[in-house]
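>>> I need the structure of the sequence given here:
(chains A, B, C and D)
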Protein chains: 2
Amino acid sequence: MDTAEGRRRPTIRDVAAVAGVSRGTVSRVINGGHWVSPDARIAVEEAIRSTGYTANHAARSLATGRANSIAFLLTEPQHLLFADPTFALLLRGATEALSRRSMTVVLIVADSEQERRNVEHYARAGHVDGVLLISSHESDTLLDTLAGAGIPTVCTGIPLGEHIPVPTVSVDEVGSARTMTRYLLDRGHRRIGIITGPNDTPGGRFRLQGFREEMGDLFDPDLVEQDRYEKDAGAAAMTRLLARASDLDAVFAASDVMAVGAIAAAKRAGIRVPEDLAIAGFDNSGLAETSEPPLTTMGQPWDRISSAMVDILLDVIAGHPRESLVLPTALVIRDSA
Amino acid sequence: MDTAEGRRRPTIRDVAAVAGVSRGTVSRVINGGHWVSPDARIAVEEAIRSTGYTANHAARSLATGRANSIAFLLTEPQHLLFADPTFALLLRGATEALSRRSMTVVLIVADSEQERRNVEHYARAGHVDGVLLISSHESDTLLDTLAGAGIPTVCTGIPLGEHIPVPTVSVDEVGSARTMTRYLLDRGHRRIGIITGPNDTPGGRFRLQGFREEMGDLFDPDLVEQDRYEKDAGAAAMTRLLARASDLDAVFAASDVMAVGAIAAAKRAGIRVPEDLAIAGFDNSGLAETSEPPLTTMGQPWDRISSAMVDILLDVIAGHPRESLVLPTALVIRDSA
DNA sequence: TACCGAACTGTGACCGTGCACAGTCTGCCT
DNA sequence: AGGCAGACTGTGCACGGTCACAGTTCGGTA
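From the prediction side, this is the model:
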């Protein structure tokens, strides 16, 4: 009575034998059931049940040339995976959208150079049908590597610089930044600083651009700080900003993580948020609610982003070219600004 | 000059032809290179380079019967995946440990009944070699399903109730809770409350047990609150606790997420943390640093937990039975208590 | 010189599936 | 009666590897 030990997994032949039909008929029942007589179908379905048959994934992939899975590819250093709740939100959406189609997600983190080289191999080895590229940096060569190798790829954010064109799913960065800036202006703030992301990321560049456009004459280059999308970086940027401008009355941080850091730095300096200084974020990640005070932020439509990425990727895999997509954001007003 | 279109991926036969050897020799070079002459090895390696050969994953899996990937299986409702930073920490560690062995992680979220039934199929279809089960609830039948089907499985936390034995990786819950409780007592607190997790999770049960043991005569059942591992639940529990005991001077929350909620509730009630009330957490997740004030918490060795799970799972897959493992925690003192 | 084992190489079978193709059977139309 | 289309079924091959086994070569030894 040993467990499944030694007991070979039933194959399509076993099912065929039990059902009294050929392998071909079983295969047809499994894949849609066209051109199969009702009798045969019933016999096969019964045989599948009685044998406990499960299609062998590897064999099917080999025969069809498709893996039925896609890669969720992170190019940021690993530690961001958990520091930045954004990734988890996208991962969750992608997993859900794919599992509805009986496909799986293979998580690949390519933070070292070595890893990055392996990625093309993974994809080309037929392990995955396509890649959801979660990346932001302009310097990212992975996009070109993948696209150049003819691997179906969809990207988050609009890649900066010269790249092989690939469908992207992004939000209206400039418009979102203008909306938030307008909100801060409407609340009466005039000396508004911005803590933006690295200049080689779309978020870093376009959110600053939108801010600048909306501020118009009120824009003061002295109130611009740029740093990485991390809590400590946000805190450091806030500290630098405070040292330069004592009359600051609001700060627009280009991500919730940075905003949380900025709030901590402000509090350490004895400044109350939002009474003395309004601080707004961007992303509406889980942090925005958890933060103290809860963040006023630009909400990214994470569910729509991830499901659109999956939709587009599957179409591309199926051979139907798709356009890039730009989704709207929504201002989420809480307590911090 | 169209891209990789139509150009068939090179197979092991192409490599063999270019190198002037047989498929067998190429295969031997790829898999360790034993019993291969230096000349042949060099020729094959050169041929692999010039053809850009990459082993087909599906074909290899079919031939060897191994998938070279494992499932990271979440049984909690999906929304916890991103609400609870714990999962991301484990996922990160597992991905890293596996990528060192050229294996990949397939992320599976089984939150609906339907999904849970599919999981066994996934595993049995040979898609993965084994399963890292990230679960906590006693009522979890998935463990028995997987273990019963003979699928190599390793579990986080010690499963409660009657289950088919499976190697687990856990921390010393009772001891950890005693350590934290002792710390709070040593700081002079006497009216210490506890916000613990659901009773059908090891964390919920054993942390309460450790707390009770260490408190001894000071233990007051009135100062025990139980709720889900979520921020709102932590806040609600805190509110209930405050309503019952105005003389509370410390609270031990069984997770950082709950502690953050508890802090928010305390602040809303006009109570300063840690001046009026010390609040400690458990996990040392990313939240602990981000929180305001930063959390004093019991640090779980996430890296060691995830890499140990992977180690053990791979041994089990290889046919070497392994014992369960209990890892130590460490008190991390910050500002909240 | 004959034999032997070690080191290396090639070959055929097989993993489990999908798919193209060739049948078979039936009923209908001319 | 013969032909034909449509519905259904079975078979051989391909997918790209691995592995067991059978050969081959070669230096050493009795």
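>>> and residue A:268, how many neighbours?
Neighbour count of residue A:268, defined by other CB atoms under 10 Å in any protein chain shown: 12. Any C-beta I mention is one placed from the backbone N, CA and C, and that applies to glycine too.
>>> please name the nearest non-neighbouring residue to the residue in the stretch 101-250 of chain A positioned nearest to DNA strand C.
Nearest to DNA strand C, among the residues of the stretch 101-250 of chain A, is residue A:102, at 12.1 Å (CB to the nearest atom of the strand). Excluding the flanking residues, the one nearest residue A:102 by CB to CB, 6 or more residues apart in numbering or on different chains is residue A:68, at 7.1 Å.
>>> and for the one you found, the neighbour number?
Residue A:68 - counted by other CB under 10 Å - has 16 other residues nearby.
>>> ok, it - contacts?
By CB atoms under 8 Å, 6 or more residues apart in numbering or on different chains, residue A:68 lies in contact with A:57, A:60-61, A:102-104, A:129.
>>> hmm, which of the residues you listed is lowest in pLDDT?
pLDDT across the contacts of residue A:68 is lowest for residue A:102, at 84.
>>> residue A:69 versus that one, what's the distance?
Computed as CB to CB, to the nearest Å, the residue A:102 to residue A:69 distance reads 10 Å.
>>> what about those two, which has more around it?
The neighbour comparison of residue A:102 against residue A:69 (other CB under 10 Å) goes to residue A:69, with 22 against 11.
>>> any idea what the spatially closest residue to residue A:324 that is not a sequence neighbour is bridged to?
Nearest in space to residue A:324, with sequence neighbours left out and distances taken as CB to CB, 6+ apart, is residue A:168 at 4.5 Å. Using DSSP bridges, the bridge partners assigned to residue A:168 are residue A:155.
>>> test my guess that residue A:168 contacts residue A:327.
No: using CB atoms under 8 Å, residue A:168 is not in contact with residue A:327; the gap is 10.9 Å.
>>> quickly list what's touching both of those two.
Contacts common to residue A:168 and residue A:327, judged by CB under 8 Å, 6+ apart, are absent.
>>> state the next helix or strand along the chain beyond whichever strand or helix holds residue A:50.
Under the criterion of DSSP states H and E, residue A:50 resides in helix A:38-51. Next along the chain after helix A:38-51, taking DSSP H and E as the criterion, comes helix A:57-64.
>>> other SSEs contacting that next one?
Helices and strands touching helix A:57-64, by 3 or more CB pairs under 8 Å, 6 or more residues apart in numbering or on different chains; DSSP states H and E, are helix B:57-64.
>>> tell me the buried residues in the helix it packs on?
Residues of helix B:57-64 classed as buried under the neighbour-count rule (16 or more other CB atoms under 10 Å in any protein chain shown) are B:57-62.
>>> pick out whichever of the residues you listed sits closest to DNA strand C.
Once CB to the nearest atom of the strand is applied, the member of those that ends up nearest DNA strand C is residue B:62, at 3.9 Å.
>>> tell me the contacts of the nearest residue to the closest one once chain neighbours are set aside?
Spatially, and ignoring its direct neighbours in sequence, residue B:62 is nearest to residue A:58 (4.3 Å; CB to CB, 6+ apart). If you count contacts by CB under 8 Å, 6+ apart, residue A:58 has them with B:58-59, B:61-62, B:67, B:126-127.
>>> which two among these are spaced furthest apart?
Pairwise distances among these were taken by CB to CB; the largest, 15.1 Å, belongs to B:59 and B:127.
>>> returning to what we had before: could the buried residues of helix B:57-64 go into a markdown table alongside distance to DNA strand D?
As requested, these are exported to a markdown table (distance: CB to the nearest atom of the strand, whole Å):
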| residue | distance to DNA strand D |
| --- | --- |
| B:57 | 9 |
| B:58 | 7 |
| B:59 | 3 |
| B:60 | 4 |
| B:61 | 8 |
| B:62 | 4 |
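>>> pick out the most distant pair among the residues you listed.
The distance between the two most remote of the buried residues of helix B:57-64 (CB to CB) is 9.6 Å, for B:57 and B:62.
>>> and chain A, which of its residues are near DNA strand D?
A:21-25, A:28, A:35-40, A:59, A:62-63, A:65 (CB under 7 Å from any atom of the strand).
>>> at 10 Å what do you get?
A:12-13, A:16, A:19-29, A:33-41, A:43-44, A:58-65, A:125-126 (CB under 10 Å from any atom of the strand).
>>> of those residues, grab the buried ones for ChimeraX.
Here is the ChimeraX command that selects the buried residues among the residues of chain A next to DNA strand D (16+ other CB under 10 Å):
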select /A:12,16,19,21,25,26,27,28,29,36,40,41,43,44,58,59,60,61,62,125,126
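>>> near DNA strand C too, which of the residues of chain A next to DNA strand D?
A:12-13, A:16, A:22-29, A:35, A:58-65.
>>> from DNA strand C, how far off is the most centrally placed residue in chain A?
By CA atoms, centre = their mean, chain A has its centre lying nearest to residue A:90, at 3.7 Å. As judged by CB to the nearest atom of the strand, to the nearest Å, residue A:90 and DNA strand C stand 31 Å apart.
>>> what helix or strand does that residue sit in?
Per DSSP H and E: helix A:85-99 holds residue A:90.
>>> quick one: residue A:115 and residue A:109 touch, right?
Yes: between residue A:115 and residue A:109 there is a contact under CB under 8 Å: 7.0 Å.
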